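here is a sequence with its predicted model. Questions after.
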Amino acid sequence: MINKLLRVGTTYIPVNNVELSSEWYVNKLSAELSYKDEDKAILNLANQSFFLVKSKENQSLNFYDCYGEEHFAITFEVNGLNALEEIHRAFKDKEIRVGEIENRGHAGRNFVFFDLDGNKFDVWSELSPIFREKYFINL
């Protein structure tokens, strides 16, 4: 196949209030705001573009698996366990709702966090080897 999908360019996140949510992402996660109007905001975060889209109440990215467990749709990666522990502390200091650091039985450790609208995200301590190599990142 000559033409193939190359990367995920944009993720759309439902929010109730574009103004409050965009401020939250900028202040809490250090996202860069590149556009905002009353219905949407475009943020740059973790080498990706995120659109915060004004949606109906009680919308989120979260879904439930066959066992009734709520899941996140996105996992962010950090460079190692020390980085994971540091960002976990920083998120707590910024009063972001976070879960405990977990051992899920695979390489590395994870924790979850939530935005203002209850969108659930995951953070993993294992940076992709391809990303590490491409950007010359060492452990």
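That came in fine, so what should we check first?

contact partners for the spatially closest residue to Lys40 that is not a sequence neighbour?
Excluding its sequence neighbours, the residue lying closest to Lys40 (CB to CB, 6 or more residues apart in numbering) is Val53, at 5.2 Å. C-beta coordinates here come from the backbone N, C-alpha and C atoms, glycine included. With contact set as CB atoms under 8 Å, 6 or more residues apart in numbering, Val53 has these partners: 12-15, 18, 39-40.

ranges for the strands of the protein?
10-15, 32-36, 40-45, 48-54, 63-64, 70-71, 74-77, 97-98, 110-114, 120-124 (DSSP state E).

output those in CSV; the columns should cover distance to Glu23 and mean pLDDT.
Output for these, formatted as CSV (distance: least, CB to CB, whole Å; pLDDT from 0 to 100):
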stretch, distance to Glu23, mean pLDDT
strand 10-15, 11, 97
strand 32-36, 9, 98
strand 40-45, 9, 98
strand 48-54, 10, 97
strand 63-64, 26, 96
strand 70-71, 25, 96
strand 74-77, 20, 95
strand 97-98, 16, 98
strand 110-114, 16, 98
strand 120-124, 17, 97
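
can you list those in TSV and add distance to His88?
Listed next are those as TSV, based on distance: least, CB to CB, whole Å:
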stretch	distance to His88
strand 10-15	21
strand 32-36	22
strand 40-45	17
strand 48-54	21
strand 63-64	24
strand 70-71	20
strand 74-77	12
strand 97-98	6
strand 110-114	5
strand 120-124	8
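
for Met1, give me the pLDDT.
Met1 is assigned a pLDDT of 57 by the prediction.

make residue 1 into 113 and carry on from there
From this message on, residue numbering opens at 113, which makes the last subject Met113.

distance of the nearest residue to Glu131 once chain neighbours are set aside relative to Ser142?
Leaving aside its chain neighbours, Glu131 sits nearest to Lys148 (7.6 Å; criterion: CB to CB, 6+ apart). From Lys148 across to Ser142, the span is 16 Å (CB to CB, to the nearest Å).

quick revisit: how many neighbours does the residue nearest to Glu131 have?
Number of residues near Lys148 (other CB atoms under 10 Å) recorded here: 16.

tell me who's in contact with it.
Lys148 makes contact with 130-131, 134, 154, according to CB under 8 Å, 6+ apart.
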